[in-house]
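A.B. asks: prediction below, plus the sequence it came from.
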Amino acid sequence: MAGKRTAVMACIAALMACGTGEVPAGAHAVGGGYSEGDLRQDLAAVRAAGGGDVNVVARVDGPGGAVLRARYGTAGMGSTAPVPWDPEFRVASTSKTFTAVVVLQLAAERRLSLDDTVERWLPGVVHGNGNDGSRITVRDLLQHTSGIYDYITDPGIQDKLLNHFDEARDDATPPPRLVAIAMRHAPLFTPPANGSPRRWAYSNTNYLLAAMIAEKAGDAGWRELVENRIIAPLGLRHTYIPGENPYLIGSHERVTVDAPGGKPVDLTEESFQHTADSGVVSTPSDLDAFFRALAGGRLLPAAQWTLMRQTVAYDDLPVPPAGKQGGYGLGLRVVPLTCGGVYYMHEGDGFGVYGRPAVGAAGRRAVTLSVTSTTALVNEDQLNKAVQTLTDHALCAVRR
């Protein structure tokens, strides 16, 4: 599902190499010299880091409409067709950035405050086993400083994902029930009072609660809020929220992993990812457009955009090429660049699908990668290091 917390079929066999790479005819360098050949080399390193047989596609959007694309592999599941240039995929935790934008828009409209407590909006929902919604703010939810247990790590849910995926692939448990599962567990910690420094701990439950609050404040469902406030205004034609529908609409790849006996398990159609922490479907081109609009000031007023970028330290990604770790804002990671400045991103790790969108601070250049499993889940640390290198090269416009 989301972030680095989905341990689906961890016993899958090691990866094997396959496929060839392509770049589109007529592609041009994206400012400062980063070229289609550079992107192809960097993407080959990403594929190798993923084990060699993952299917990968990358897109870089730069100033003046310049676009670079590269791809390796096939459409999956025995297909000889190449990876689609702009495949639809479940963006998993990148959905959190969409949700955070909606909440911040509502804050700008004074329909809620980031300092509001969960208890104010959802009385009695966060309670029991040491959980206390009166100690947790909306800001804590968006920044993962609430300490609330991550529902995905619940043993019952893990059993579904690891041992009964085929039987449970249409599972569409509603958010309140998922929150209730989290409430069966003690929190990791309770946020301190009086604005004291916060601890950080990633929890998908935070974004279920944030969306439930947004629905009350915005007088609409989460899906409708995202569609009306982000997708439609930006004209994101291949971005949508399928909800309980397990099928993707447009061109996409098949996602498979090998079961212990060697038989492929197709993970493509499923309804697990239907909530505000993971439920958006998009494409590399649409994600580049979304993040460029966000960084370019088209989605949030300046005050809320500033708040979104105020960070706390995280510890779940490798140190990037710049040599120092970034920070987590409100549904957004802020990562330093080797050429100075920062970029903004939010990874999405789902069922064998790994999305990596990023945008430079000025919103002029963006890059998105989609990585899809064919035999096994990837080593995320290795994958993230290679993706960070590609992202740094692309956004700093560095030749290989």
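C.D. replies: All right, it came through fine. From a predicted model like this one, the values you see are computed outputs, not experimental measurements.
A.B. asks: when you work out contacts or count neighbours from here on, use the C-alpha atoms and nothing else.
C.D. replies: OK.
A.B. asks: what's around Thr306, how many residues?
C.D. replies: By the criterion of other C-alpha atoms under 10 Å, Thr306 has 12 neighbours.
A.B. asks: am I right that it is in a strand?
C.D. replies: No - per DSSP: H, G, I helix; E, B strand; the rest coil, Thr306 lies outside any strand segment and is helix.
A.B. asks: can you tell me how far it sits from Gly124?
C.D. replies: Taking C-alpha to C-alpha, to the nearest Å as the measure, Thr306 and Gly124 are separated by 32 Å.
A.B. asks: all the helices of the protein, residue numbers only.
C.D. replies: With DSSP state H as the criterion, the chain has helices at 36-49, 95-108, 118-121, 138-143, 155-163, 165-168, 175-182, 205-218, 222-226, 232-234, 284-295, 302-308, 380-396.
A.B. asks: okay, these in TSV with distance to Lys324 and mean pLDDT next?
C.D. replies: Below are the helices of the chain laid out as TSV (distance: least, C-alpha to C-alpha, whole Å; pLDDT from 0 to 100):
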stretch	distance to Lys324	mean pLDDT
helix 36-49	21	97
helix 95-108	23	98
helix 118-121	33	98
helix 138-143	20	98
helix 155-163	33	94
helix 165-168	38	92
helix 175-182	33	98
helix 205-218	27	98
helix 222-226	33	98
helix 232-234	33	98
helix 284-295	22	98
helix 302-308	20	98
helix 380-396	12	97
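A.B. asks: any regions of the stretch 301-400 of the chain where pLDDT drops low?
C.D. replies: Filtered on pLDDT under 70, the stretch 301-400 of the chain yields the residue ranges 399-400.
A.B. asks: for it, which segments count as strands?
C.D. replies: 312-313, 327-328, 333-336, 342-345, 348-349, 353-360, 366-372 (DSSP state E, counting those that start in this stretch).
A.B. asks: okay if I get those strands as a markdown table plus mean neighbour count?
C.D. replies: What follows is the strands of the stretch 301-400 of the chain, written out as a markdown table (neighbours: other C-alpha atoms under 10 Å):
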| stretch | mean neighbour count |
| --- | --- |
| strand 312-313 | 18 |
| strand 327-328 | 21 |
| strand 333-336 | 24 |
| strand 342-345 | 23 |
| strand 348-349 | 24 |
| strand 353-360 | 28 |
| strand 366-372 | 28 |
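A.B. asks: out of those, nearest to Gly156?
C.D. replies: Among the strands of the stretch 301-400 of the chain, strand 348-349 comes nearest to Gly156, with 20.2 Å by C-alpha to C-alpha.
A.B. asks: now for that closest one, which elements pack on it?
C.D. replies: strand 353-360 (3 or more C-alpha pairs under 8 Å, 6 or more residues apart in numbering; DSSP states H and E).
A.B. asks: could I get the strand it packs on in CSV with only the CA atoms?
C.D. replies: What follows is strand 353-360 as a C-alpha-only set of coordinates in CSV (Å, rounded to 0.1, in the frame of the first residue of the first chain):
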residue,chain,number,x,y,z
VAL,A,353,4.7,-0.6,-8.1
TYR,A,354,7.0,2.1,-7.0
GLY,A,355,6.4,5.7,-8.0
ARG,A,356,9.0,8.5,-7.6
PRO,A,357,7.8,12.0,-8.6
ALA,A,358,10.0,15.0,-7.8
VAL,A,359,10.1,18.7,-8.7
GLY,A,360,12.7,21.5,-8.3
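A.B. asks: one step back: make JSON lines out of the strands of the stretch 301-400 of the chain and add distance to Trp222.
C.D. replies: Below are these laid out as JSON lines (distance: least, C-alpha to C-alpha, whole Å):
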{"stretch": "strand 312-313", "distance to Trp222": "26"}
{"stretch": "strand 327-328", "distance to Trp222": "23"}
{"stretch": "strand 333-336", "distance to Trp222": "22"}
{"stretch": "strand 342-345", "distance to Trp222": "22"}
{"stretch": "strand 348-349", "distance to Trp222": "19"}
{"stretch": "strand 353-360", "distance to Trp222": "22"}
{"stretch": "strand 366-372", "distance to Trp222": "24"}
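A.B. asks: how about the ones you listed, which one is nearest Gly52?
C.D. replies: Nearest to Gly52, of the strands of the stretch 301-400 of the chain and by C-alpha to C-alpha, is strand 366-372 at 11.1 Å.
A.B. asks: so what touches that closest one?
C.D. replies: The list of residues contacting strand 366-372 from outside it, by C-alpha atoms under 8 Å, 6 or more residues apart in numbering, reads 54-62, 89, 253, 255, 284-285, 287-288, 291-292, 352-360, 391, 394-395.
A.B. asks: same question for stretch 172-190.
C.D. replies: 125-132, 135-136, 146-151, 154, 205, 208-209, 244, 271-272, 274-275.
A.B. asks: now that we have these, which of them are buried?
C.D. replies: With burial judged by 16 or more other C-alpha atoms under 10 Å, the buried subset of these is 125-127, 130-132, 135-136, 146-151, 205, 208-209, 244, 271-272, 274-275.
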